[in-house]
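1. dropping the sequence and predicted coords here.
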Amino acid sequence: MNGDRRGWSRCLLAGTVFAVCMAGTTLPTPLYPLYQEEFGFSELTVTVVYAVYAFAVIAALLLAGNASDLVGRRPVLFTGLGFAAASAVCFLLASGLGWLYAGRLLSGLSAGLFTGAATAYVMELAPPGGGSRATFVATAATMGGLGCGPLLAGLLAEYAPGPLTLPFVVHLVLVAGSAAVLGRLPETVRDRRPVGAVRPQAPALPPSVRPVFGPAATASFAGFALFGVFTSVSPAFLAGSLHVEDHAVSGLVVALAFFASTAGQLAVGPIGTARSLQVGCAVLVAGLALLAGALYWEQLALVVLSALVGGVGQGLAFRAALSAVARAAPEDRRAAVISALFVVAYAGISVPVIGVGLLVGPLGLEGAGLVFIACMTVLVCSAAAYLIRRPIRTED
């Protein structure tokens, strides 16, 4: 019993460190309108700045997705925290657009190092038999952290001095505390190799993973695409079309999507992993429909509903996808396989966001958003049809 308590304590502490890192990646979201005013750039530039982060995540996953399997979880996570701190410093020093690109690049490298390594670390610190609960801790840390970032920045920007500095000072303090916590947690990789053993490698899936990876990755792509567009353009839509200029409200609306994702993840246990992927796709379609209505009729209530419903659908699909892939992966390849799933997910964040940014000029923000929604609806419905015909087989 004491061993279980100690294991869950370590698992939750690792999840907290994970959440702090992920919060830093969305911290600038409600601040982009302020940066636009200060530096005078377009909505397309906002989406490119956002996409720089996603491409950096993908690069880190491809170049070092298997690093923690080789050198250990803690060295990789300490490096990720270092990149997170460097990103915050870039935003604190920002005097032009180049600083924002640098900050987002470093933030993406931090998230790329963390996603596979921290997810595997959280699951390995849990007591024996706690795999399902540990997966929830990992996914909740991811989405909860992503939600806390815009909420924290929005509140500080609206009600505290220094809207473009204080959020990053607070995050630096949290990163320092996370480093202290990580220093007290044990290493879980037994057979460690020197750093020189890490080599860039293309994503390769063990045979046991391949049957579940396709549908899991498709659902993850669609869910992250919805979040990508929502977080990158919703502050501009709220300010420009709905005249909501309160940064706290803007941050809260974005945060609701991520918090709803965490709530959706709780439903995976009773529903089951295989069915959760199917149900998640259906709920994602409903969220997309609500977002289309919000853009067309310019209604704040529909924006909030789309955040909640879309978030629940993303949470169902994402936790189910991660559970299925992690269970199928061999222990010595777990971080690499999870990293491959995140490569697809972050492609969902980056590619559609840039597409929307390019369409804003000729179609306007609302028109570009509607084109995105139509494309994502087709993708999600295709994934759902595939899952109905060939449901994944898992051990729930």
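-> Received the coordinates, thanks.

2. list the buried residues of stretch 74-86.
-> Buried residues in stretch 74-86, counting neighbours by 16 or more other CB atoms under 10 Å, are found at 74-77, 79-86. From N, CA and C alone the C-beta is placed, and that goes for glycine too.

3. likewise for stretch 149-163?
-> Under the neighbour-count criterion of 16+ other CB under 10 Å, stretch 149-163 has 149-158, 163 buried.

4. tell me the secondary structure for P161?
-> On the three-state scheme (DSSP: H, G, I helix; E, B strand; the rest coil), P161 is labelled coil.

5. quick one: pLDDT of it?
-> Listed pLDDT for P161 reads 94.

6. for it, give me phi and psi.
-> phi -70, psi 160 (degrees, to the nearest 10).

7. pLDDT of the helix or strand encompassing Q36, averaged?
-> Following DSSP states H and E, one finds Q36 within helix 32-39. Helix 32-39 shows a mean pLDDT of 90.

8. quick one: contacts of it?
-> With CB atoms under 8 Å, 6 or more residues apart in numbering as the test, helix 32-39 has contacts from 28, 41-42, 46, 49, 94, 96-97, 100, 157, 163-164, 235-236, 239, 245, 247, 250.

9. just the buried ones from the residues you listed, in PyMOL syntax?
-> Here is the PyMOL command that selects the buried residues among the contacts of helix 32-39 (16+ other CB under 10 Å):
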select buried, resi 28+41+46+49+94+100+157+163+164+235+236+239+247+250
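
10. in helices, which of the contacts of helix 32-39 fall?
-> The helices, defined by DSSP state H, take in 46, 49, 97, 100, 157, 235-236, 239, 247, 250 from these.

11. nearest residue to T218 in space, please, no chain neighbours.
-> Leaving aside its chain neighbours, T218 sits nearest to A383 (4.2 Å; criterion: CB to CB, 6 or more residues apart in numbering).

12. right, and the one you found touches A219 too?
-> Yes - at 5.5 Å, A383 counts as touching A219 under the criterion of CB atoms under 8 Å.

13. for those two, indicate the residue with more neighbours.
-> Legend: neighbour count by other CB atoms under 10 Å for A383 and A219, higher for A219 (33 against 25).

14. if we can go back for a sec, which residues do A383 and A219 both contact?
-> With CB under 8 Å, 6+ apart, A383 and A219 have common neighbours C281.

15. need phi/psi at A160.
-> The phi/psi pair for A160 (degrees, to the nearest 10) reads phi -130, psi 160.

16. what is the lengthiest helix in the chain packed up against?
-> Across the chain, the longest stretch assigned as helix under DSSP H is helix 334-389. With contacts taken as 3 or more CB pairs under 8 Å, 6 or more residues apart in numbering; DSSP states H and E, helix 334-389 sits against helix 43-64, helix 67-71, helix 97-125, helix 210-240, helix 273-297, helix 300-328.

17. please compute how far that helix lies from its chain's middle.
-> With CA atoms, centre = their mean, to the nearest Å as the basis, helix 334-389 stands 14 Å off its chain's centre.

18. same check on stretch 74-94?
-> 17 Å.

19. now it: average pLDDT?
-> On average, stretch 74-94 scores 97.

20. do stretch 365-382 as well
-> 87.

21. that stretch: which residues count as buried?
-> Residues of stretch 365-382 classed as buried under the neighbour-count rule (16+ other CB under 10 Å) are 365-366, 368-370, 372-373, 375-377, 379-381.
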